[in-house]
Each structure stands twice: as structure tokens, then as C-alpha cells.
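Chemist: fold the stuff below for me.
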Amino acid sequence: MTRKRLTLEQGALLVLGLSTMAWMGVPRYGRYRAPDGAIAGVVLDAEGSRVDAAEVALFDDTRRILVERVRTDDHGRFAFSDAPERFDVFAWDEGASMRTGTWVLARDRAQGTTLELRLGRGTPRTVHVTDEAGAPVAGAEVRVIDARGEPQVIQRAMTDASGTAEVLLPPRSHVAVLPRTEDALAPRWLLDLPEPEALPEEVALAAARTIEGRVADEAGEPLAATLVSAWSRDGERWLGWTLSSADGTFRLATDGTPAVLRIADPTRAHLARAVVLPERLAAQLGTVVLPSGSRVAVQVGTGAGPIPARVWVRGRDEDSWSFGGRTDSRGRIELTAAERFSAVALPLEASSDASGALIEAHDLVPNGRTLQLVGKGSE
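Modeler: Residues are numbered from 1 along each chain as shown. Presented below is the predicted three-dimensional model:
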């Protein structure tokens with residue numbers, strides 16, 4: 001296994017993980033209570049001081065549209081009178097080129113509380129979105145993910161009638177361009193941008209090709225919110241992704257002819273599957289079964305003790321990567337593994353010498369004991 005292949009998997013799964021796991025995350029709440037029924041918060045700068053006149057945008061996460069924009073008052077506070085069932089809130093201070101975001105929030109969890117949005121610096125960039133014929137694509141979402149450490153969505157912008165959107169990028173980022181469903185265009189993901197200037201000024205979206213199918217467990221029960229991603233035969237090009245619905249069905253729009261579908265359960269309760277597609281691909285794929293496996297515990301650390309890391313396992317098939325997860329405060333995580341498996345950990349501790357250096361173990365079997373992945377670090 002090469003570092004390049006893991007980087008592709010890491011980029012895809014970490015970015016996609018934001019969509020599948022966002023509603024399980026909890027944003028930071030302040031000690032100030034919001035008015036009853038309101039979605040409210042306070043905007044802080046990097047030092048923790050309140051920011052007045054910052055702009056705050058409320059997005060409908062289901063329909064991917066901008067709902068409302070307000071500005072903070074003299075005390076850095078803002079409020080929306082109502083919100084969609086699932087929504088994002090983003091804040092920025094244009095003068096300081098700063099922007100932040102939250103996880104996707106459920107309205108019933110956020111009402112009556114106060115969100116704290118802490119700003120971070122970014123570099124302004126302009127992107128123009130077109131179709132393959134060069135016509136502007138209006139209403140497309142340009143989503144920015146901070147790729148430093150644990151990824152976080154920090155901005156969602158919409159293209160205007162000319163297909164143009166203004167974004168602010170962190171030093172390293174992932175950028176997704178997501179068109180409206182009715183435009184019949186495929187999404188475009190730009191992964192691992194090493195600097196803001198790496199974002200192209202022009203992004204062309206290809207016509208979408210649709211694959212439909214169903215994901216189930218070994219008993220035939222549907223698996224909801226399962227990640228389905230499409231890849232080229234050599235594994236070097238990512239061609240799109242989607243999530244299965246409550247009845248296990250999915251509809252995947254891709255920007256090419258995929259050769260492999262990789263299907264992973266974000267709950268990590270089932271083994272991942274890689275489905276090799278025929279050259280003459282039918283629109284209907286049928287049912288894909290995710291098998292059960294054995295639960296394995298993994299602990300990641302150095303000689304100095306446990307460290308935070310993101311961990312994946314795979315079976316003998318190079319494409320059968322599990323949906324990765326982050327270790328807890330003890331450096332532990334539980335995953336589902338096949339009869340023989342490999343485990344890979346990516347340390348996330350910025351202050352450790354192990355940060356960014358892969359820790360790997362191969363040809364393993366589940367044996368009921370905790371697997372220890374030990375990397376180099378500060379003693």
C-alpha cells in the first residue's frame with residue numbers, strides 16, 4: 001500500500017465524513033441564553049474578543065440554499081428568528097478576511113441556546129463555475145473544508161447568475177462544487193489544495209451519469225446513511241459520492257464512467273465493500289450487501305503515551321477500506337475487521353513528531369486483544 005493511495009482515501013473519507021457525521025457532532029455553546037425559539041450566537045476573533053458588525057449567514061442544509069444574512073451587534077451577538085430543520089451557520093469579518101462555520105445543526109437542539117463562532121484567517125479567492133459548454137452555472141454551492149488536522153466545513157457560498165462565488169480559503173483546504181440536482185451536472189471535488197492559490201479560477205462541471213442501487217446487511221435489512229463513492233479503475237480519480245436513504249437505496253451522480261464503487265458504513269458496524277463495475281454499466285446496480293465482521297479495538301500512541309489519530313482498517317482487497325474514525329482521549333477506537341486485515345493510523349497531534357507519519361500493521365487477525373499501534377514521538 002502506498003502513501004499516495006491512503007492520501008486519496010484519507011481525503012475522500014475525511015471530507016465525506018463531514019456530511020455523514022456532522023449531525024452527531026456538538027457545536028460549542030456559550031453561557032448566554034438565546035431568546036426563546038431563536039437561533040442565536042456570538043462571534044469571537046482568534047483571541048476570544050467579540051466581533052461587532054461581522055456578517056452571519058444561515059444555510060438550509062437539506063435544500064442547500066441561503067436562508068438569511070444578518071450582522072452582529074456592538075456586543076458581537078446575532079440572532080435568527082427561525083431556521084430550517086437542519087442548518088449551518090457561518091460568520092465572517094470581511095475587513096480581517098476571517099471566516100468560520102459550525103457542524104450541521106438540528107433546529108430543536110439549537111433553539112434557546114447560544115452558538116459561539118470563533119473566526120480564523122483566510123485568503124480571498126474567486127471561482128467561476130461553468131458547464132462543459134462554458135455556460136455559467138448559477139445556484140451551485142462552493143463548500144470549503146479546512147484540511148489542517150481534523151477537517152471542518154468553514155464556508156458555504158453560492159454562485160450568482162454569472163456562475164461566480166467569493167470564498168475565503170485556509171492555508172490547506174478541500175473545496176467541493178455542488179450543483180443543483182435539477183441542473184443534471186456532476187459535483188466536482190478539489191482535494192488537498194496545498195495553498196489558496198491552488199484553487200483554479202474556472203471550474204467546469206461535467207454532465208452527470210446516474211447509478212442507482214440499494215445497500216443492505218446480510219439479513220437483507222436496509223442500511224441507511226451508507227457512504228457510496230465512485231472511483232476510476234486505477235483508483236487515482238474520485239468520481240462522486242452519495243449517501244443511502246432510510247430504505248437503503250442510493251442515487252449516485254458521477255462525472256465520468258466509474259470502474260469501482262466503494263461502499264462503507266460510517267457507523268463502522270459492517271465491513272466495507274469494493275464493487276468492480278462492468279464496462280457497460282447499467283443504471284440499476286441492484287442490492288449490495290455489506291458483511292459483518294469482527295470487532296477489533298485499536299490503541300494509538302508513542303512512547304510518551306496515547307495520541308489522537310484517525311484509524312482505518314482494510315481486508316485483503318486493496319479497495320476494501322473501512323470508514324475511518326478518530327480515537328478517543330485514551331487513543332482508542334473500535335472498528336470492524338475481516339478475518340485478516342491491515343490497520344493504518346494517521347496521528348493528528350500537531351505538537352508530536354509523529355504528526356502526519358503513518359503507523360501501519362499488516363496481516364493481522366482479530367484475537368480479542370487490543371491492537372497497539374505505536375509511532376515515534378516526543379519521549
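
Chemist: wait, isn't residue 141 in contact with residue 183?
Modeler: No. Applying Cβ atoms under 8 Å, one finds residue 141 not in contact with residue 183, separated by 11.6 Å. For glycine as for every other residue, the C-beta is placed from the backbone atoms N, C-alpha and C.

Chemist: count of neighbours near residue 118?
Modeler: Burial of residue 118 is recorded as 16 neighbouring residues (other Cβ atoms under 10 Å).

Chemist: from residue 109, how far out is it?
Modeler: 20 Å (Cβ to Cβ, to the nearest Å).

Chemist: let me see the domain layout of the chain.
Modeler: 23-121, 123-205, 208-289, 294-374 (automatic domain parsing).

Chemist: is it true that residue 200 lies in a helix?
Modeler: No. Applying DSSP: H, G, I helix; E, B strand; the rest coil, one finds residue 200 to be coil, outside a helix.

Chemist: sorry, back to before: okay, the domains of the chain in a markdown table with mean pLDDT next?
Modeler: Formatted as a markdown table, the domains of the chain follow (pLDDT from 0 to 100):
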| stretch | mean pLDDT |
| --- | --- |
| domain 23-121 | 76 |
| domain 123-205 | 90 |
| domain 208-289 | 85 |
| domain 294-374 | 84 |
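
Chemist: let's verify residue 339: helix, strand, or coil?
Modeler: Using three-state DSSP, the secondary structure recorded for residue 339 is coil.

Chemist: show the backbone phi and psi for the residue nearest to it when sequence neighbours are not counted.
Modeler: In this structure, residue 339 finds its nearest non-sequential neighbour in residue 365, 6.6 Å apart by Cβ to Cβ, 6 or more residues apart in numbering. Residue 365 adopts backbone torsions of phi -130, psi 140, taken as degrees, to the nearest 10.

Chemist: for residue 315, see how far away residue 365 is.
Modeler: Using Cβ to Cβ, residue 365 is found at 12 Å from residue 315.

Chemist: how about residue 368?
Modeler: 19 Å.

Chemist: neighbour count: the two, which is higher?
Modeler: Neighbours were counted for residue 368 and for residue 315 using other Cβ under 10 Å; residue 315 has more, 21 against 8.

Chemist: what residues are up against the more buried one?
Modeler: Taking Cβ atoms under 8 Å, 6 or more residues apart in numbering, we find residue 315 in contact with 271, 272, 337, 338, 340, 341.

Chemist: among these, which one has the most neighbours?
Modeler: Neighbour max across the contacts of residue 315 (other Cβ under 10 Å) = residue 272, 27 neighbours.

Chemist: that one contacts residue 335, correct?
Modeler: No. In this structure residue 272 lies outside contact range of residue 335 using Cβ under 8 Å: 10.3 Å.

Chemist: give me the common contacts of the two.
Modeler: What both residue 272 and residue 335 touch, as defined by Cβ under 8 Å, 6+ apart, is the set residue 322.

Chemist: what segments of the stretch 201-350 of the chain are strands?
Modeler: 202-205, 209-216, 227-231, 238-243, 249-254, 260-264, 273-276, 284-289, 294-302, 305-306, 309-314, 325-326, 332-337, 341-347 (DSSP state E, counting those that start in this stretch).

Chemist: next, the buried residues of the next helix or strand after the last one.
Modeler: Remark: after strand 341-347, the chain's next helix or strand is strand 359-364, criterion DSSP states H and E. Neighbour counts over strand 359-364 (16 or more other Cβ atoms under 10 Å) mark 359, 361, 364 as buried.

Chemist: turn those residues into CSV, including distance to residue 260.
Modeler: Below are those laid out as CSV (distance: Cβ to Cβ, whole Å):
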residue, distance to residue 260
359, 26
361, 25
364, 24
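
Chemist: measure the closest residue to residue 162 other than its chain neighbours to residue 166 for me?
Modeler: Nearest non-adjacent residue to residue 162, counting by Cβ to Cβ, 6+ apart: residue 136, 5.2 Å away. Here the criterion is Cβ to Cβ. By it, residue 136 lies 15 Å from residue 166.

Chemist: what of residue 58?
Modeler: For residue 58, the distance to residue 166 equals 18 Å [Cβ to Cβ].

Chemist: more crowded one of these two?
Modeler: For residue 58 versus residue 166, the count of surrounding residues by other Cβ under 10 Å is larger for residue 58: 19 against 14.

Chemist: where along the stretch 1-150 of the chain do the helices fall?
Modeler: Applying DSSP state H, counting those that start in this stretch to the stretch 1-150 of the chain gives helices spanning 3-21, 107-110.

Chemist: so which bits of the last one are buried?
Modeler: Going by neighbour count (16+ other Cβ under 10 Å), the buried part of helix 107-110 is residue 110.

Chemist: contacts for that helix?
Modeler: Helix 107-110 is touched from outside by 27, 39, 83, 84, 85, 86, 87, with contacts defined as Cβ under 8 Å, 6+ apart.

Chemist: residue contacts, the last one?
Modeler: I take that to be residue 87. Counting by Cβ under 8 Å, 6+ apart, residue 87 touches 39, 58, 59, 60, 61, 67, 104, 105, 107, 110.

Chemist: what of the fourth one?
Modeler: By Cβ under 8 Å, 6+ apart, the contact set of residue 84 is 60, 61, 62, 63, 67, 107.

Chemist: same thing but 10 Å
Modeler: Shown in contact with residue 84 (Cβ atoms under 10 Å, 6 or more residues apart in numbering): 39, 58, 59, 60, 61, 62, 63, 65, 67, 105, 106, 107.
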